[in-house]
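Asker: Output the structure for:
(2 chains)
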There are 2 protein chains.
Amino acid sequence: MRQITPENLEDFIRGTALLGTGGGGDPYIGRLMVAQELETCRAIDILDPDELTEDHFGVSLACMGAPTAFVEKLPNASSMIASMERAEKELGRKFNCIVPLEAGGINATIPLVVAARLGLPVVDGDGMGRAFPEFQMTTFNIYGADVNPFVMSDDFRNTVLINTDNAHRTENYGRPVCVQMGGIASCASYPMTGPVIRDTCVPRTISLAIEIGAALRSARSAGEQDVCEALVDYFKTSNPPRFATVLFDGKIQDILRETTAGFAVGKVRLTALDDPDTEMLVTFQNEFSRASIGDQTLAIVPDLITILDRETGEPITTENLGYGQRVKVVAIAAAENMRTPEALKVIGPRCFGIDEDFEALETISWK
Amino acid sequence: MRQITPENLEDFIRGTALLGTGGGGDPYIGRLMVAQELETCRAIDILDPDELTEDHFGVSLACMGAPTAFVEKLPNASSMIASMERAEKELGRKFNCIVPLEAGGINATIPLVVAARLGLPVVDGDGMGRAFPEFQMTTFNIYGADVNPFVMSDDFRNTVLINTDNAHRTENYGRPVCVQMGGIASCASYPMTGPVIRDTCVPRTISLAIEIGAALRSARSAGEQDVCEALVDYFKTSNPPRFATVLFDGKIQDILRETTAGFAVGKVRLTALDDPDTEMLVTFQNEFSRASIGDQTLAIVPDLITILDRETGEPITTENLGYGQRVKVVAIAAAENMRTPEALKVIGPRCFGIDEDFEALETISWK
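Answerer: Alright, predicted model coming up:
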């Protein structure tokens, strides 16, 4: 059985930072929280989706809120447990495993913290295969799992329990409550049996994060010339392999960032190192959603767009982007079940207010 | 046993319009809704607070929202029943009576509509003794009844169930959800046994509304010179008697009104008919909260401030106020249990952002 241990924690965290695609909060905080739990429990068990049976009953845990809020106000495992317990009371059944909602950012680590506290295993998979800004943007929802009951808790274990006819409405009702809760809310949602988790999740994203982190670490320690190229190479051998490419090598010129209605939204402008007249624009709503040069889109959601330090390959979250940073923009193809027609209705470009059709990263790149 | 029947409905509605103190929505809509129910059920039973026993288990029903929204979007009895049923499921016990949250406006009639549909009696009393803009502003809350669970439903019977450690927080979490629900939400709150209702409510406000309406009607039909004076006279004999007075006789010069964050807020400026240089200012947050001339406060929450048509004595709600209307401003002392030190902490002037102490209407008038 796979485990998260003190030995692979650093790799895992760096991988989740990459999968956070600019959102999901500062991974440093998540690392400290898991490390503290590991001091007591030594290891957290990870369940492969193929190991799940009818006897498994899992819940998806995640913080709602703008990543900019996470910097000031730490995620709270105790209020996360309050949400879980409220959902258990509502359903009359105890959860025996935890499913990450997101593979990226702090929300990839929160399930581990709670699992460590409660002695439960975590499923090696998630509902987003990366990070996304809204709760309906999950493969759980896309492939028919029920978001209800959706429970939010504040730091005082006050709860708000939402039951609606669709997950997008749940997001709309929950988001302003999150703002009232101080910009961050601990949410339990998508209660699912083992087979439902297996059939609707993006599989093996914890393993993926660990491997991404290991690839970055070994490239760095080997003193390879280009860590970002090493990352692209890793994806040729990932399980399954995925197309990845360095889109841009440049310097940050400008960043416009606003925390509004519970989201961090904005755009980053970069100029190429080898040609200051070539500009790339990367827009974000918590996470990066589109990278373009002029009118030409080079990568677009749900494909993953990341900005990495050009020397160390360290992923940079939107709140840590700053003028003059030398970075590379790396894009990675999303998992297969995130690119189907039904998926694109929920996580395609138009769901982010971008008026264009999805085009796969590899198709654009091969043109 | 007292009843609401087609015979006293008109009186009741006019009385609730007055007790709405400018807020609570257009009473015309409430009248139509109750009249329609009475066609089927003929009469709605009213329970005196003294008739309540341990076997009674009541819930408070009210719409949340700005009265300006009620004009466009009717209150919905079916979603109100959805909220009740959700609360019953949570509590594992059926309600056998309904308690109005407010004595004024549409929220005074909504409990009657639901009671008629379900064949339940309504308690002759409420939590506000008038209308107030927020859910913690109740004598239920002031005197120790628990607001939890607080259930909100939209028109599609989607529910949001809130459990918090205090009613003000519940209001803060619920209000933005109400905005997302389209500006109006059907709320079930303050589940209480008979003795708790009896000990915490403002008693006999349905009876009061009927008598106010009857006083206005008979003054009008008797062709008495001044309907507003007749109203003031009625309060000398109400049970218990209350101080009431005509504060101003004038014309509306100016009205500033804004629907913001789920409330209708603003102010009305009036000039005296006999002296255009004398101006009164009446401010409101859904309901009128303060009437003043220059620096001198003449009436302030929780005392009741109403604006009536100067000829017919018809109460005018804030959304129906308009330039040039000739009106009288009438103030009425609040019920005794709304003026205690503990009550003023929750419904006193500072709770409406007015930086002054409460002074009783009769004290100001006798100065």
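
Asker: Do a quick rundown of the helices in the stretch 51-200 of chain A.
Answerer: For the stretch 51-200 of chain A, the helices defined by DSSP state H, counting those that start in this stretch cover A:67-70, A:77-91, A:106-118, A:139-142, A:167-180, A:194-200.

Asker: Averaging pLDDT over each of the ones you listed, report the lowest-scoring one.
Answerer: Per-stretch averages of pLDDT across the helices of the stretch 51-200 of chain A put helix A:67-70 at the bottom, with a mean of 69.

Asker: so which of the helices of the stretch 51-200 of chain A comes closest to A:T340?
Answerer: helix A:139-142 (7.9 Å; Cβ to Cβ). Where you see a C-beta, it was placed from the backbone N, CA and C, and this is true even at glycine.

Asker: contacts for the closest one?
Answerer: Outside helix A:139-142, the residues that touch it by Cβ atoms under 8 Å, 6 or more residues apart in numbering or on different chains are A:60, A:127-129, A:147, A:167, A:190, A:192, A:200-202, A:337-338, A:340, A:342-343, A:345-347.

Asker: Also within reach of chain B: list those from those.
Answerer: The subset of these within reach of chain B, by Cβ under 8 Å from any Cβ of the partner chain, is empty.

Asker: taking those residues one by one, which sit in strands?
Answerer: Members of those lying in strands (criterion: DSSP state E): A:60, A:190, A:192, A:202.

Asker: hang on, the earlier thing: for my notes, please list the helices of the stretch 51-200 of chain A in CSV and give mean neighbour count for each entry.
Answerer: Converted to CSV, these look like this (neighbours: other Cβ atoms under 10 Å in any protein chain shown):
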stretch, mean neighbour count
helix A:67-70, 24
helix A:77-91, 20
helix A:106-118, 26
helix A:139-142, 25
helix A:167-180, 22
helix A:194-200, 20
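
Asker: got the buried residues for the strand ranked longest in chain A?
Answerer: For chain A, the longest strand by residue count, based on DSSP E, is strand A:244-260. For strand A:244-260, burial by neighbour count (16 or more other Cβ atoms under 10 Å in any protein chain shown) applies to A:244-250, A:252, A:255, A:259.

Asker: Looking at those, which one is closest to chain B?
Answerer: A:T259 (16.2 Å; Cβ to the nearest Cβ).

Asker: Go ahead and confirm the closest one touches A:A69.
Answerer: Yes - the criterion here is Cβ atoms under 8 Å, and A:T259 meets it with A:A69 at 7.2 Å.

Asker: so what sits against both of these two?
Answerer: What both A:T259 and A:A69 touch, as defined by Cβ under 8 Å, 6+ apart, is the set A:G183.

Asker: Show the pLDDT at the residue nearest to A:Q325 when sequence neighbours are not counted.
Answerer: Among residues not flanking A:Q325 along the chain, A:I252 sits closest, at 4.7 Å (Cβ to Cβ, 6 or more residues apart in numbering or on different chains). Note for A:I252: predicted pLDDT of 96.

Asker: Next up, the contacts around A:I252.
Answerer: With the criterion set at Cβ under 8 Å, 6+ apart, A:I252 makes contact with A:268-270, A:321-325, A:327.

Asker: Would you mind listing what in chain A touches chain B?
Answerer: A:86, A:156, A:158-165, A:169, A:172-173, A:176-177, A:179-181.

Asker: Could you pick out the buried ones from the contacts of helix A:139-142?
Answerer: If we count by 16+ other Cβ under 10 Å, the contacts of helix A:139-142 have these buried: A:60, A:127-129, A:147, A:167, A:190, A:192, A:200-202, A:337-338, A:343, A:346-347.

Asker: Next up, the contacts around the spatially closest residue to A:E314 that is not a sequence neighbour.
Answerer: In space, and not counting its chain neighbours, A:E314 is closest to A:L308: 6.4 Å by Cβ to Cβ, 6+ apart. By Cβ under 8 Å, 6+ apart, A:L308 lies in contact with A:18, A:227-228, A:231, A:314-316, A:327-330.

Asker: Without its sequence neighbours, what residue ends up closest to the residue in the stretch 51-200 of chain A positioned nearest to chain B?
Answerer: Residue nearest to chain B within the stretch 51-200 of chain A: A:P176 (3.2 Å; Cβ to the nearest Cβ). With sequence-adjacent residues excluded and distances taken as Cβ to Cβ, 6+ apart, A:P176 is closest to B:P176, at 3.2 Å.

Asker: Narrow the contacts of A:L308 to those in helices?
Answerer: Among the contacts of A:L308, DSSP state H puts A:18, A:227-228, A:231 in helices.

Asker: Chain B: which of these is nearest?
Answerer: Among the ones in helices among the contacts of A:L308, A:L18 lies closest to chain B (Cβ to the nearest Cβ), at 33.7 Å.

Asker: residues contacting that closest one?
Answerer: A:L18 touches A:104, A:209, A:212-213, A:216, A:231, A:306, A:308, A:315, counting by Cβ under 8 Å, 6+ apart.

Asker: now swap in A:C187 and tell me
Answerer: Residues in contact with A:C187 (Cβ under 8 Å, 6+ apart) are A:61-64, A:83, A:101, A:135, A:150-153, A:174.

Asker: ok, now A:T21?
Answerer: The contact partners of A:T21, taken as Cβ under 8 Å, 6+ apart, are A:104, A:130-131, A:287-288, A:304-306.

Asker: So which of these belong to strands?
Answerer: Short answer: those in strands (DSSP E) are A:287-288, A:304-306.

Asker: In those residues, which residue is surrounded by the most others?
Answerer: Neighbour tally across the ones in strands among the contacts of A:T21 (other Cβ atoms under 10 Å in any protein chain shown): the maximum, 31 neighbours, falls on A:T306.

Asker: Would you mind listing the residues in contact with that one?
Answerer: A:18, A:21-22, A:288, A:315, A:329-332.

Asker: any idea how far it is from B:G65?
Answerer: Using Cβ to Cβ, to the nearest Å, A:T306 is found at 44 Å from B:G65.

Asker: A:E134 too?
Answerer: Counting by Cβ to Cβ - A:E134 and B:G65 are separated by 25 Å.

Asker: Neighbour count for these two, which is higher?
Answerer: B:G65 (28 against 23).
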